[in-house]
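Enquirer: test case, fold it:
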Amino acid sequence: MIRFHFRLRPLAEVEPWGDRRLHWFALTDGWYWIEVDGHKLFHHPSNAGAGQPTPVDYYVVRLWEDLQEVLPSLLEPVPADLVDRMTSDQDAWCGAGAEDAEAALDWYSSHFMYTSYLVASPRIVWWRSVTDRDTVTVDWRHTAEHELDCTAPRHGRASVSTELLLRAVEKFDRELIDAMDRRITEIEARGLDPDIRLDLEQLRHEHQQRSGSLAATLRRVPATDWTAVREGVARICSARTQKPPSVATDLGHQLQCRSRSSA
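Expert: Model prediction:
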(Lines give C-alpha, C1' and ligand atoms only; values in the text may rest on other atoms or scores of the structure.)
Protein backbone atom coordinates (compact mmCIF):
# COMPACT_ATOMS: atom_id res chain seq x y z
CA MET A 1 0.00 0.00 0.00
CA ILE A 2 1.16 3.54 -0.74
CA ARG A 3 -0.58 6.84 -0.21
CA PHE A 4 0.36 10.51 -0.39
CA HIS A 5 -1.36 12.34 2.46
CA PHE A 6 -1.84 16.08 2.90
CA ARG A 7 -3.91 18.71 4.67
CA LEU A 8 -4.13 22.37 3.70
CA ARG A 9 -3.77 24.97 6.42
CA PRO A 10 -7.04 26.89 7.04
CA LEU A 11 -7.14 29.87 4.69
CA ALA A 12 -7.31 32.39 7.52
CA GLU A 13 -4.01 31.03 8.89
CA VAL A 14 -2.04 31.13 5.62
CA GLU A 15 0.71 33.74 5.90
CA PRO A 16 1.39 35.99 2.89
CA TRP A 17 4.96 36.17 1.67
CA GLY A 18 7.29 39.08 2.44
CA ASP A 19 5.56 41.67 0.27
CA ARG A 20 2.11 40.61 1.56
CA ARG A 21 1.58 38.63 -1.62
CA LEU A 22 -0.22 35.32 -2.06
CA HIS A 23 -0.11 32.99 -5.05
CA TRP A 24 -0.86 29.37 -5.92
CA PHE A 25 2.32 28.02 -4.33
CA ALA A 26 1.80 29.89 -1.05
CA LEU A 27 -1.85 28.89 -0.85
CA THR A 28 -0.83 25.20 -0.62
CA ASP A 29 0.62 25.83 2.85
CA GLY A 30 -0.11 22.79 5.00
CA TRP A 31 1.17 19.38 6.01
CA TYR A 32 2.09 16.25 4.05
CA TRP A 33 3.60 12.81 4.37
CA ILE A 34 3.96 9.55 2.43
CA GLU A 35 2.71 6.26 3.83
CA VAL A 36 4.11 3.07 2.29
CA ASP A 37 3.69 -0.42 3.71
CA GLY A 38 3.02 0.99 7.18
CA HIS A 39 6.09 3.26 7.13
CA LYS A 40 5.96 7.05 7.08
CA LEU A 41 8.21 9.41 5.13
CA PHE A 42 8.18 13.18 5.64
CA HIS A 43 6.80 12.53 9.11
CA HIS A 44 8.38 13.39 12.45
CA PRO A 45 7.89 10.48 14.88
CA SER A 46 7.12 10.76 18.58
CA ASN A 47 10.77 11.42 19.49
CA ALA A 48 10.59 14.82 17.76
CA GLY A 49 10.85 18.02 19.79
CA ALA A 50 7.12 18.39 20.43
CA GLY A 51 6.89 14.82 21.66
CA GLN A 52 4.02 13.94 19.30
CA PRO A 53 4.17 12.49 15.77
CA THR A 54 3.68 15.25 13.22
CA PRO A 55 3.87 15.42 9.41
CA VAL A 56 6.14 17.85 7.60
CA ASP A 57 4.79 21.40 7.83
CA TYR A 58 5.46 23.04 4.46
CA TYR A 59 3.85 23.88 1.12
CA VAL A 60 2.09 20.77 -0.19
CA VAL A 61 2.93 21.73 -3.76
CA ARG A 62 6.56 20.99 -2.92
CA LEU A 63 5.85 17.27 -2.59
CA TRP A 64 3.58 17.38 -5.65
CA GLU A 65 6.24 19.05 -7.83
CA ASP A 66 9.14 16.91 -6.62
CA LEU A 67 7.15 13.73 -7.17
CA GLN A 68 6.38 14.78 -10.73
CA GLU A 69 10.02 15.65 -11.34
CA VAL A 70 11.22 12.16 -10.43
CA LEU A 71 8.26 10.32 -11.99
CA PRO A 72 9.54 9.89 -15.59
CA SER A 73 12.81 8.34 -14.36
CA LEU A 74 11.00 6.35 -11.69
CA LEU A 75 8.69 4.77 -14.26
CA GLU A 76 11.47 3.79 -16.67
CA PRO A 77 12.30 0.16 -15.80
CA VAL A 78 15.84 -0.37 -14.56
CA PRO A 79 17.57 -3.22 -16.45
CA ALA A 80 18.12 -6.32 -14.33
CA ASP A 81 21.91 -5.95 -14.39
CA LEU A 82 21.69 -2.44 -12.90
CA VAL A 83 19.05 -2.93 -10.19
CA ASP A 84 21.62 -3.79 -7.51
CA ARG A 85 23.47 -0.55 -8.27
CA MET A 86 20.57 1.60 -7.10
CA THR A 87 21.54 1.41 -3.44
CA SER A 88 24.76 -0.61 -3.29
CA ASP A 89 28.28 0.80 -3.09
CA GLN A 90 27.20 4.37 -2.39
CA ASP A 91 30.75 5.52 -1.70
CA ALA A 92 31.61 4.68 -5.30
CA TRP A 93 28.80 6.88 -6.62
CA CYS A 94 29.78 9.67 -4.26
CA GLY A 95 33.40 9.71 -5.36
CA ALA A 96 32.77 9.31 -9.07
CA GLY A 97 34.28 11.81 -11.48
CA ALA A 98 31.58 13.34 -13.66
CA GLU A 99 33.89 13.82 -16.61
CA ASP A 100 34.08 10.10 -17.37
CA ALA A 101 30.74 8.89 -16.03
CA GLU A 102 28.33 11.68 -16.92
CA ALA A 103 25.56 9.49 -18.35
CA ALA A 104 25.60 7.12 -15.37
CA LEU A 105 25.57 9.92 -12.81
CA ASP A 106 22.75 11.77 -14.55
CA TRP A 107 20.72 8.58 -14.76
CA TYR A 108 21.32 7.63 -11.13
CA SER A 109 20.66 11.10 -9.70
CA SER A 110 17.38 11.41 -11.62
CA HIS A 111 15.87 8.77 -9.30
CA PHE A 112 16.36 10.90 -6.18
CA MET A 113 13.49 12.91 -4.77
CA TYR A 114 14.59 16.45 -3.91
CA THR A 115 14.37 17.06 -0.14
CA SER A 116 17.16 19.54 0.60
CA TYR A 117 14.69 22.35 1.36
CA LEU A 118 13.90 20.60 4.67
CA VAL A 119 15.93 21.10 7.83
CA ALA A 120 15.72 17.34 8.31
CA SER A 121 16.11 16.05 4.76
CA PRO A 122 15.93 12.29 4.14
CA ARG A 123 17.61 10.70 1.13
CA ILE A 124 14.85 9.06 -0.92
CA VAL A 125 15.46 7.13 -4.13
CA TRP A 126 12.86 5.39 -6.31
CA TRP A 127 13.20 2.84 -9.11
CA ARG A 128 11.10 0.42 -11.12
CA SER A 129 11.93 -3.22 -11.82
CA VAL A 130 10.11 -5.62 -14.13
CA THR A 131 12.44 -8.61 -13.69
CA ASP A 132 10.03 -10.76 -11.65
CA ARG A 133 7.03 -8.52 -11.10
CA ASP A 134 6.32 -4.95 -12.17
CA THR A 135 7.16 -3.10 -8.98
CA VAL A 136 8.44 0.26 -7.78
CA THR A 137 10.84 0.31 -4.85
CA VAL A 138 11.49 3.27 -2.57
CA ASP A 139 14.61 3.30 -0.40
CA TRP A 140 15.08 5.94 2.29
CA ARG A 141 17.91 6.82 4.64
CA HIS A 142 17.93 9.59 7.18
CA THR A 143 20.75 10.75 9.44
CA ALA A 144 18.48 12.68 11.85
CA GLU A 145 20.29 15.98 11.50
CA HIS A 146 19.52 18.63 14.11
CA GLU A 147 18.15 15.80 16.30
CA LEU A 148 15.03 15.68 14.15
CA ASP A 149 13.84 12.51 12.45
CA CYS A 150 11.84 12.80 9.24
CA THR A 151 11.15 9.14 8.50
CA ALA A 152 9.94 6.22 10.59
CA PRO A 153 12.04 4.15 10.64
CA ARG A 154 15.17 6.15 9.78
CA HIS A 155 16.27 3.63 7.18
CA GLY A 156 14.07 1.35 5.16
CA ARG A 157 12.85 0.04 1.85
CA ALA A 158 9.45 -0.92 0.51
CA SER A 159 8.07 -2.12 -2.81
CA VAL A 160 4.61 -1.74 -4.30
CA SER A 161 3.18 -2.64 -7.67
CA THR A 162 3.65 0.01 -10.33
CA GLU A 163 -0.12 0.05 -10.84
CA LEU A 164 -0.72 0.89 -7.17
CA LEU A 165 1.88 3.65 -7.27
CA LEU A 166 0.29 5.24 -10.32
CA ARG A 167 -3.14 5.09 -8.70
CA ALA A 168 -1.74 6.78 -5.58
CA VAL A 169 -0.03 9.50 -7.62
CA GLU A 170 -3.18 10.18 -9.61
CA LYS A 171 -5.27 10.28 -6.42
CA PHE A 172 -2.86 12.74 -4.80
CA ASP A 173 -2.90 14.94 -7.88
CA ARG A 174 -6.69 14.89 -8.13
CA GLU A 175 -7.19 15.61 -4.42
CA LEU A 176 -4.73 18.51 -4.38
CA ILE A 177 -6.15 20.10 -7.53
CA ASP A 178 -9.70 19.73 -6.17
CA ALA A 179 -8.72 21.18 -2.79
CA MET A 180 -7.05 24.15 -4.46
CA ASP A 181 -10.06 24.70 -6.70
CA ARG A 182 -12.25 24.93 -3.60
CA ARG A 183 -9.74 27.29 -1.99
CA ILE A 184 -9.69 29.61 -5.00
CA THR A 185 -13.50 29.56 -5.18
CA GLU A 186 -13.62 30.55 -1.52
CA ILE A 187 -11.27 33.48 -2.15
CA GLU A 188 -13.33 34.59 -5.14
CA ALA A 189 -16.50 34.53 -3.05
CA ARG A 190 -15.24 36.03 0.21
CA GLY A 191 -12.12 37.96 -0.72
CA LEU A 192 -9.02 38.49 1.45
CA ASP A 193 -7.76 41.25 3.72
CA PRO A 194 -7.34 44.43 1.64
CA ASP A 195 -3.59 44.62 2.34
CA ILE A 196 -2.94 41.19 0.79
CA ARG A 197 -1.84 41.24 -2.85
CA LEU A 198 -3.34 38.51 -5.02
CA ASP A 199 -3.99 38.45 -8.76
CA LEU A 200 -7.14 36.33 -9.02
CA GLU A 201 -7.04 36.12 -12.80
CA GLN A 202 -3.45 34.88 -12.73
CA LEU A 203 -4.33 32.49 -9.90
CA ARG A 204 -7.08 30.85 -11.96
CA HIS A 205 -4.81 30.70 -15.01
CA GLU A 206 -2.04 29.00 -13.06
CA HIS A 207 -4.53 26.58 -11.51
CA GLN A 208 -5.70 25.57 -14.96
CA GLN A 209 -2.11 24.98 -16.08
CA ARG A 210 -1.24 22.94 -13.00
CA SER A 211 -4.38 20.86 -13.44
CA GLY A 212 -2.83 19.33 -16.56
CA SER A 213 0.75 18.98 -15.37
CA LEU A 214 0.55 15.34 -14.26
CA ALA A 215 -0.79 14.24 -17.65
CA ALA A 216 2.09 16.09 -19.32
CA THR A 217 4.58 14.49 -16.92
CA LEU A 218 3.31 10.99 -17.69
CA ARG A 219 3.90 11.62 -21.40
CA ARG A 220 7.60 12.33 -20.81
CA VAL A 221 9.84 9.37 -21.59
CA PRO A 222 13.57 9.55 -20.72
CA ALA A 223 15.95 9.05 -23.64
CA THR A 224 18.37 6.92 -21.66
CA ASP A 225 21.48 5.72 -23.47
CA TRP A 226 21.89 2.40 -21.69
CA THR A 227 25.24 1.68 -23.32
CA ALA A 228 26.65 4.94 -21.96
CA VAL A 229 25.08 4.30 -18.55
CA ARG A 230 26.59 0.82 -18.32
CA GLU A 231 30.00 2.10 -19.40
CA GLY A 232 29.82 4.83 -16.76
CA VAL A 233 28.76 2.39 -14.05
CA ALA A 234 31.67 0.13 -14.98
CA ARG A 235 34.11 3.05 -14.68
CA ILE A 236 32.66 4.09 -11.34
CA CYS A 237 32.91 0.58 -9.92
CA SER A 238 36.42 -0.04 -11.24
CA ALA A 239 37.71 3.26 -9.89
CA ARG A 240 36.04 2.92 -6.50
CA THR A 241 38.04 4.42 -3.65
CA GLN A 242 37.09 4.32 0.01
CA LYS A 243 35.65 7.65 1.18
CA PRO A 244 35.46 8.94 4.76
CA PRO A 245 32.02 8.47 6.37
CA SER A 246 31.39 12.23 6.32
CA VAL A 247 31.63 12.21 2.53
CA ALA A 248 29.30 9.25 2.10
CA THR A 249 26.57 10.74 4.32
CA ASP A 250 26.36 13.79 2.04
CA LEU A 251 25.59 11.60 -0.97
CA GLY A 252 21.90 12.37 -1.08
CA HIS A 253 22.41 16.14 -1.13
CA GLN A 254 25.06 15.93 -3.85
CA LEU A 255 22.94 13.74 -6.11
CA GLN A 256 19.77 15.75 -5.48
CA CYS A 257 21.58 18.94 -6.48
CA ARG A 258 23.00 17.22 -9.55
CA SER A 259 19.54 16.03 -10.54
CA ARG A 260 18.18 19.56 -10.19
CA SER A 261 20.98 21.12 -12.23
CA SER A 262 20.60 18.63 -15.07
CA ALA A 263 16.79 18.74 -15.20
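
Enquirer: okay, CA-based contacts and neighbour counts for the rest of this
Expert: Will do.

Enquirer: okay, and the helix or strand of this structure with the least pLDDT?
Expert: Least confident element among the helices and strands of the chain, by mean pLDDT, DSSP states H and E: helix 245-248 (a mean of 44).

Enquirer: how near is Phe25 to Leu192?
Expert: Distance, Phe25 to Leu192, using C-alpha to C-alpha, to the nearest Å: 16 Å.

Enquirer: which residues touch His207?
Expert: Contacts for His207 (C-alpha atoms under 8 Å, 6 or more residues apart in numbering) come out as Trp24, Ile177, Met180, Asp181.

Enquirer: what's opposite the residue nearest the centre of the chain in the beta bridge?
Expert: What sits nearest the mean C-alpha location of the chain, by C-alpha atoms, centre = their mean, is Met113, with 3.6 Å. On the basis of DSSP bridges, Met113 is bridged to Ile124.

Enquirer: that one and Asp139, how far apart?
Expert: Distance of Met113 to Asp139, given as C-alpha to C-alpha: 11 Å.

Enquirer: mind listing the helices for this structure?
Expert: All helices of the chain, identified by DSSP state H, fall at 60-75, 90-94, 102-109, 162-190, 200-211, 213-218, 226-238, 245-248, 251-262.

Enquirer: out of the ones you listed, which gets the lowest mean score?
Expert: For these, mean pLDDT drops lowest on helix 245-248, to a mean of 44.

Enquirer: tally of neighbours for Gly18?
Expert: Here the number of neighbours of Gly18 (other C-alpha atoms under 10 Å) works out to 7.

Enquirer: repeat that for the one 10 residues further on.
Expert: For Thr28, the tally of surrounding residues (other C-alpha under 10 Å) stands at 23.

Enquirer: which regions of the stretch 1-150 of the chain sit below the pLDDT cut-off?
Expert: Applying pLDDT under 70 to the stretch 1-150 of the chain picks out residues 46-53, 88-99, 144-149.

Enquirer: angles on the backbone of the residue lying farthest from the centre of the chain, please.
Expert: Residue farthest from the centre of the chain, counting by C-alpha atoms, centre = their mean, is Pro194 at 35.6 Å. Here is the backbone geometry of Pro194 (degrees, to the nearest 10): phi -60, psi -20.

Enquirer: re the thing from before, distance to Glu13 added to the helices of the chain, as JSON lines?
Expert: Shown next, in JSON lines, are these (distance: least, C-alpha to C-alpha, whole Å):
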{"stretch": "helix 60-75", "distance to Glu13": "15"}
{"stretch": "helix 90-94", "distance to Glu13": "42"}
{"stretch": "helix 102-109", "distance to Glu13": "37"}
{"stretch": "helix 162-190", "distance to Glu13": "13"}
{"stretch": "helix 200-211", "distance to Glu13": "19"}
{"stretch": "helix 213-218", "distance to Glu13": "27"}
{"stretch": "helix 226-238", "distance to Glu13": "48"}
{"stretch": "helix 245-248", "distance to Glu13": "40"}
{"stretch": "helix 251-262", "distance to Glu13": "31"}
